[in-house]
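[1] Fold the following, please.
(2 chains)
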Number of protein chains: 2
Amino acid sequence: MISERITILGSTGSIGINTLDVLRASNKFEVFALSANSNVDLLLQQCLEFNPQIAVLADESLADNFFKKLSNSDCDTELRIGENALNEIASDSAVDVVMAGIVGSAGLSSSLAAVESGKKILLANKEALVMMGSLFMQIAKKSGSIIIPIDSEHNAIFQCLPDTGLGVKDNQFKYVEKILLTASGGPFLDLPISNFKEITPDQACTHPKWKMGKKISVDSATMMNKGLEVIEAHYLFGLEADKIDVVIHPQSIIHSLVYFQDGSVLAQMANPDMRIPIAYGLGYPERLVLERKSLDLLEAKTLNFRAVDDERFPCLGLGLQALNLGGTAPVLLNAANEVAVEAFLANKIKFMSIPEIIESVMAKISCETASSLDIIRRADNSARALAKELILKGL
Amino acid sequence: MISERITILGSTGSIGINTLDVLRASNKFEVFALSANSNVDLLLQQCLEFNPQIAVLADESLADNFFKKLSNSDCDTELRIGENALNEIASDSAVDVVMAGIVGSAGLSSSLAAVESGKKILLANKEALVMMGSLFMQIAKKSGSIIIPIDSEHNAIFQCLPDTGLGVKDNQFKYVEKILLTASGGPFLDLPISNFKEITPDQACTHPKWKMGKKISVDSATMMNKGLEVIEAHYLFGLEADKIDVVIHPQSIIHSLVYFQDGSVLAQMANPDMRIPIAYGLGYPERLVLERKSLDLLEAKTLNFRAVDDERFPCLGLGLQALNLGGTAPVLLNAANEVAVEAFLANKIKFMSIPEIIESVMAKISCETASSLDIIRRADNSARALAKELILKGL
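    So this is what the prediction gives:
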């Protein structure tokens, strides 16, 4: 069995943990590098188990502590620190596959480094596409990087397309009429809107179907997640906004669908388990064997579909608005959302203030063409600064 | 646009009519030949519209009548008569594609002729696989014939597999764990079993979801259809019986599913419209544009799944029994079923006698290895003779 060397960016997050769980049962991979932001204990434990060549800790303030623990262990993993080190392990010539599993704009630079160096990239970081989708896909085209989307919806779409073995390609859409992204509707699908003002971070982080990180759980509760995913799909697949629809499917069993011009629709289905799209990405273009519960439609009994209620979920509308505006609008949307969600999780703002802050930021900062990383970073910074200011002022 | 020349076997049946409807909107095909059993008027009308080189009428007794009508028309189509003529138009060197749309064992010989001559064959005739699946697939392998299944379930499975552009191939199943065929459950899914003895042919032919021919409608009402489809799937895809499951899905929107070893499941969905799998087969390996209603999941609202009730649908169990027995058992099953359904449609037997007759035939005639067409034909004849005898004797 030929071994592929893999770097896992964000190995202590939800995607990273699931990735290592899939790798544990496969002899096809050798872990080259792991990275964490601040979870020193788990990173150490992962180093002991997988013995990577390099471990990167993004938070420099924890470096001494981690280094001490690492030195006292049996592990001969080399420790590197900071964002540059992330870029190094993403682009090292020894690496075949990069799992881009860092959440938020913190994952931008390393995802880009992986694509620039022509790696096979398993893309779980949404922001690379939301913030700089157009540039990102151009760079991938030039470098020959193979992109496999890991987000369950985009992974589903990708699995339903004719495959060339080279990851996402424009020509896969030759006969596609539209795509339909499914959304669980999150924990507040049936909560009376009058109760929305009382929603707590704990409630928002308790997703009915998926176990995910806190940021993504809140995005799922506001449905901003779906707004970001529509933007992702637009750039990743090169599809116009009017060819991307969203439907609520509370059971989260159909992960998305592709409508073809001859009337056939293909759908990917699975139990809600992130190891499934991850295993697909790792095995691609083959398929690994994954031990898991088999999808049982008799147990599921019923699959339902509903339209999205715009009043309940204003964030989806904001996402579509940003997509239609184009340029740096998705950057502003994403930055304002990150700041607002963080403030909500810290009990500084109410749940319903999240869309209000985003809307204000988008109204107050004008869009530019997203033609360079500098322009994108500037837009990101301005939006964050403004969002924080709005929060401090009590909106 | 390169034109492909097509022969439609059974052009006046449900599959044939739908095929011509798809062709009407496409400029990719030239109709080489049409064939009908006895529907002289419709065949003539089709000849006038599509101007095929050859028209075949299987029922010799109607030849004079048809010939007179054809001579009096503007149409310069050549008329041929009888089963040999069917084989000729299926294997003519001028033909690129054959739609095998004849229902029942009457379609066996011409389907075989198409495959022997290495045509691209759109296989809607179940019997070629049920009665001689093993031989049929061997011959296709040897001749290089490209087989595209048109039965909606098998077409769905085929669309969910990785495609090589060469029709059904063994290597498409490398990562497949199992397949799941969906069944609408037909018109009697919720009828109290105590009312089954009163079922009339008209009731049995009124399918809730599909408009089909009478024979197939009755097969759908007894679920023998699904028994035959499991057998078809076994031979067509080279899958063992324990890798083929059946689930009832009353909405007939998911047409079947493929379970992969990594936990992903792919499903093909569409409104119940036979033009959709037909258009897929005609366009393959590309996809035609088909004007039709788009699948609307918001309108569908709910997709349900239930286990098959064996008491209600004994015919499915008989199908599985025949598959497990192997050899000529499926031939006996199919022949007894054809005779029994014909008798039911002619009001000679009750609905619930259909499985009884099949069971008796299978119990009384011993199976052989289905190693030649002669053996298969002999088994078919004995089963028919016995079924007729049982019907005459009042079982």
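[2] Other residues contacting the longest helix belonging to chain A?
    The longest helix of chain A (DSSP state H) is helix A:373-392. Around helix A:373-392, the neighbours that count as contacts under Cβ atoms under 8 Å, 6 or more residues apart in numbering or on different chains are A:105, A:112, A:131-132, A:135, A:328, A:331-332, A:334-336, A:338-340, A:343, A:348-349, A:357-358, A:360-361, A:364-365, A:367-370. Placement of C-beta: from N, CA and C, glycine included.
[3] and residue A:30, how many neighbours?
    Residue A:30: 16 surrounding residues under other Cβ atoms under 10 Å in any protein chain shown.
[4] meant to ask about residue A:330
    32.
[5] Can you list the buried residues in stretch A:351-370?
    A:351, A:353-355, A:357-362, A:365, A:367, A:370 (16 or more other Cβ atoms under 10 Å in any protein chain shown).
[6] At the contact with chain B, which residues of the stretch 51-200 of chain A appear?
    Residues of the stretch 51-200 of chain A lying near chain B by Cβ under 8 Å from any Cβ of the partner chain: A:159-160, A:162-163, A:174-175, A:177, A:180.
[7] Now render those as a markdown table, adding secondary structure and pLDDT.
    Shown next, in a markdown table, are those (DSSP: H, G, I helix; E, B strand; the rest coil; pLDDT from 0 to 100):
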| residue | secondary structure | pLDDT |
| --- | --- | --- |
| A:159 | helix | 98 |
| A:160 | helix | 98 |
| A:162 | coil | 96 |
| A:163 | coil | 94 |
| A:174 | coil | 96 |
| A:175 | coil | 97 |
| A:177 | strand | 98 |
| A:180 | strand | 98 |
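[8] Tell me where the model's unsure across the stretch 251-395 of chain A.
    Of all residues in the stretch 251-395 of chain A, those with pLDDT under 70 make up the ranges A:395.
[9] Name the residues of it found near chain B, please.
    Close to chain B, as judged by Cβ under 8 Å from any Cβ, the stretch 251-395 of chain A has residues A:254, A:257, A:259-271, A:273, A:275-277, A:279-280, A:283, A:286-290, A:292, A:294-295, A:297-298, A:300-307.
[10] Mind giving me the ChimeraX command for buried ones among those?
    In ChimeraX syntax, the buried subset of these is picked out as below (16+ other Cβ under 10 Å):
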select /A:254,257,259,260,261,262,263,264,265,266,267,268,269,270,271,273,275,276,277,279,280,283,287,288,290,295,297,303,305
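[11] Could you count how many residues lie near residue A:195?
    Count around residue A:195 with other Cβ under 10 Å applied: 10.
[12] ugh, wrong one, I meant residue A:99
    Residues within reach of residue A:99, counting by other Cβ under 10 Å, total 32.
[13] And the one 4 residues further on, by the same measure?
    Counted by other Cβ under 10 Å, the residues lying close to residue A:103 total 22.
[14] same question, residue A:49
    Burial measure for residue A:49: 12 neighbouring residues, criterion other Cβ under 10 Å.
[15] how far away is it from residue A:78?
    Distance of residue A:49 to residue A:78, given as Cβ to Cβ, to the nearest Å: 17 Å.
[16] And for residue A:323?
    For residue A:323, the distance to residue A:78 - Cβ to Cβ - is 42 Å.
[17] Next: residue A:123.
    With Cβ to Cβ as the criterion, residue A:123 and residue A:78 are 26 Å apart.
[18] same question, residue A:66
    With Cβ to Cβ as the criterion, residue A:66 and residue A:78 are 12 Å apart.
[19] Look at these two and report which has more neighbours.
    residue A:66 (22 against 13).
[20] List the contacts of the residue of the stretch 101-250 of chain A found nearest chain B.
    Taking Cβ to the nearest Cβ, chain B has its nearest neighbour within the stretch 101-250 of chain A at residue A:175, 3.8 Å off. By Cβ under 8 Å, 6+ apart, the contact list for residue A:175 reads A:260-262, B:286-287.
[21] So the nearest residue to it once chain neighbours are set aside, which state does it fall into?
    Nearest in space to residue A:175, with sequence neighbours left out and distances taken as Cβ to Cβ, 6 or more residues apart in numbering or on different chains, is residue B:287 at 3.8 Å. Secondary structure for residue B:287, judged by DSSP: H, G, I helix; E, B strand; the rest coil, is coil.
[22] got the end-to-end distance for stretch A:176-189?
    30 Å (Cα to Cα, to the nearest Å).
[23] same question, stretch A:112-122
    Rule used - Cα to Cα; the end-to-end distance of stretch A:112-122 is 12 Å.
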